[in-house]
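# Can you look at this prediction? I've put the sequence above it.
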Amino acid sequence: MGLSKNRLRNYITGFIIIAVLVVNILPWLWMFLAAFKTRVDLLSTNPIWVFRPTLENFPAAFIDHEFLKYLTNSVMISAGAVILALAVGIPAAYGFSRYRVMGQKHIFFGILTTRMAPPIVLALPLYILFAKMAILGTHIAVILAHSTFTLSFVIWMMKGFFDDLPLAVEAAALTDGYSQFQVFRKISLPLVKPGIVATALFSFIFSWNEFLFALVLAGESARTLPAAFPGLVTPHGTYWGQVSAAGAVVSIPVLILVFILQKHLVRGLTLGAVTG
């Protein structure tokens with residue numbers, strides 16, 4: 001009887017997981033299929049699942065509407081924002097974890113509030129600031145803007161990973177003659193590598209999918225893929241095939257990164273879960 005209950009529980013759990021998976025994957029699958037449909041199939045009143053695929057939407061979006069340039073901009077800006085956030089955020093997180101200063105909790109909370117604020121609150125001040133700095137409409141402006149919300153996330157995530165490191169390991173290295181910086185670079189950083197990978201991946205996704213800053217602060221030469229989608233909505237109608245083609249391409253890099261870094265991602269998210 002107990003075995004039957006366990007089996008029934010497993011069936012119910014499996015059914016719930018499959019149902020949630022279908023609900024989440026079905027919209028993406030519909031978009032992916034729409035990328036290979038003709039305009040006639042897309043505008044059909046009845047959903048068409050079996051059709052003759054076409055590749056015409058991809059050159060129309062990425063060549064005719066210059067989405068290839070926007071894709072390159074997205075890669076450059078997302079990578080730049082992640083590198084900048086990690087370069088500043090990891091040492092800051094280590095400092096919050098290992099040193100005690102007056103008002104530390106208030107400072108840490110103040111940094112987190114930059115992540116809590118809606119992006120629209122920061123858009124206008126950043127627009128005015130970047131205009132005065134003469135960098136408005138450039139890649140640098142969007143990278144700095146994306147760093148405003150990825151930096152606080154990096155500091156928050158990495159502080160937790162550094163907090164889980166045993167202090168005895170660093171104390172032993174200091175006893176062996178290492179400087180504090182050498183301990184940080186040669187001991188602490190390698191131990192939290194899975195956490196760095198997980199943090200970098202989430203930060204990349206945040207920057208990759210960001211729309212408002214890329215729309216307001218980027219000019220034509222620095223526009224990212226998400227900010228270019230409104231260009232496919234015209235008075236003559238929406239180019240749904242091209243929208244789907246661009247949307248499918250936008251999702252592919254994130255999927256590839258998740259599969260490649262899956263082992264490090266899981267280790268990073270569970271780092272410290274069994275300590276104590």
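Cool, the structure landed.
# Ramachandran angles for G219?
For G219, the backbone dihedrals (degrees, to the nearest 10) come out as phi -90, psi -170.
# Now stretch 138-145: buried residues?
T138, H139, A141, V142, I143, L144, A145 (16 or more other Cβ atoms under 10 Å). Backbone N, C-alpha and C define where each C-beta goes, glycine included.
# Now the second one. Nearest residue, chain neighbours left out?
Computed as Cβ to Cβ, 6 or more residues apart in numbering, the closest residue to H139 that is not its neighbour in sequence is A222, at 4.7 Å.
# How about the fifth one?
Nearest residue to I143, sequence neighbours excluded (Cβ to Cβ, 6+ apart): G80, at 4.2 Å.
# my guess is T38 contacts P53, does it?
No - using Cβ atoms under 8 Å as the test, T38 is too far from P53 to be in contact (9.2 Å).
# Need the residues that contact the helix or strand harbouring A227.
For A227, the host element (DSSP states H and E) is helix 225-228. Under the contact criterion Cβ atoms under 8 Å, 6 or more residues apart in numbering, helix 225-228 has outside partners 65, 67, 70-71, 73-74, 209-211, 214-215, 218, 246, 249-250.
# what about the helix or strand where S244 lies, average pLDDT?
Element membership of S244 [criterion: DSSP H and E] is helix 240-260. The average pLDDT for helix 240-260 rounds to 84.
# and if you look at stretch 163-177?
pLDDT averaged over stretch 163-177 gives 83.
# Flag every buried residue along it.
Here stretch 163-177 shows D164, L165, E170, A173 as buried, counting by 16+ other Cβ under 10 Å.
# Next, give me the two most distant ones among these.
D164 and A173 (17.1 Å; Cβ to Cβ).
# Poorly predicted segments of this protein, please.
Counting by pLDDT under 70, the chain has low-confidence residues at 1-3, 262-276.
# repeat that for 80
Filtered on pLDDT under 80, the chain yields the residue ranges 1-6, 44-50, 101-105, 111-117, 235-237, 253-254, 257-276.
# Can I get the helix or strand harbouring T114 in CSV, CA atoms only?
Using DSSP H and E, the element containing T114 is helix 104-116. Extracted in CSV, the C-alpha atoms of helix 104-116 (Å, rounded to 0.1, in the frame of the first residue of the first chain):
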residue,chain,number,x,y,z
GLN,A,104,27.8,48.6,6.5
LYS,A,105,24.2,47.3,6.5
HIS,A,106,22.8,50.6,5.4
ILE,A,107,25.4,50.9,2.6
PHE,A,108,24.6,47.4,1.4
PHE,A,109,20.9,48.0,1.5
GLY,A,110,21.4,51.3,-0.4
ILE,A,111,23.1,49.4,-3.1
LEU,A,112,20.3,46.9,-3.3
THR,A,113,17.7,49.6,-3.7
THR,A,114,19.2,50.5,-7.1
ARG,A,115,17.9,47.0,-8.2
MET,A,116,14.5,47.5,-6.5
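# by contact count, what packs against it?
helix 139-163 (3 or more Cβ pairs under 8 Å, 6 or more residues apart in numbering; DSSP states H and E).
# report the angle between the axes of the helix it packs on and helix 104-116?
If you take axes from the mean of the first three to the mean of the last three Cα atoms, to 10 degrees, helix 139-163 sits at 140 degrees to helix 104-116.
# Helix 139-163 - contacts with which helices or strands?
So helix 139-163, by 3+ Cβ pairs under 8 Å, 6+ apart, packs with helix 67-98, helix 104-116, helix 119-132, helix 193-209, helix 212-217.
# C-terminal to it, what's the next element?
Downstream of helix 139-163 (by DSSP H and E), the next one is helix 167-175.
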